[in-house]
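Asks: here you go, sequence then predicted model.
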Amino acid sequence: MTEEWLGMEDVCFITGDIIPKNDRSRFTREFDAWVSERGQQLLDNAQATGELEMNREWEIIYGEWYAEDASAAGREEEWYR
């Protein structure tokens, strides 16, 4: 999701790079930080290869987002019943 309040100096928590304005970044409440699309790709790849458990911060972010997505899916399922 592209967030309107991203500033020119918002930095990705994962990559350390400045997040471009049109990036579909995602917020992590656990670390009060933004993660760029590239950072999200790195998290997904780490999860797919089993490397996620080697980085506790990434593991926490992945868990946070997994729970949020599962909750949203549950609410959506209830809506369409």
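Replies: Yep, that arrived.
Asks: and residue 25, how many neighbours?
Replies: Using other C-beta atoms under 10 Å, residue 25 has 23 other residues around it. Heads up, the C-betas are built off the backbone N, CA and C, glycines and all.
Asks: right, I mislabeled it, should have said residue 24
Replies: 12.
Asks: which SSE is it in?
Replies: Using DSSP states H and E, residue 24 maps to neither a helix nor a strand.
Asks: distance of it relative to residue 56?
Replies: From residue 24 across to residue 56, the span is 25 Å (C-beta to C-beta, to the nearest Å).
Asks: what bridges to the residue sitting nearest the centre point of the chain?
Replies: For the chain, residue 26 is the residue whose C-alpha lies nearest the centre (C-alpha atoms, centre = their mean; 4.5 Å). Residue 26 has these beta-bridge partners by DSSP bridges: residue 35.
Asks: ok, it - contacts?
Replies: 1, 34-35, 40, 65 (C-beta atoms under 8 Å, 6 or more residues apart in numbering).
Asks: out of these, which are buried?
Replies: Buried by 16 or more other C-beta atoms under 10 Å: 34-35, 40, 65, out of these.
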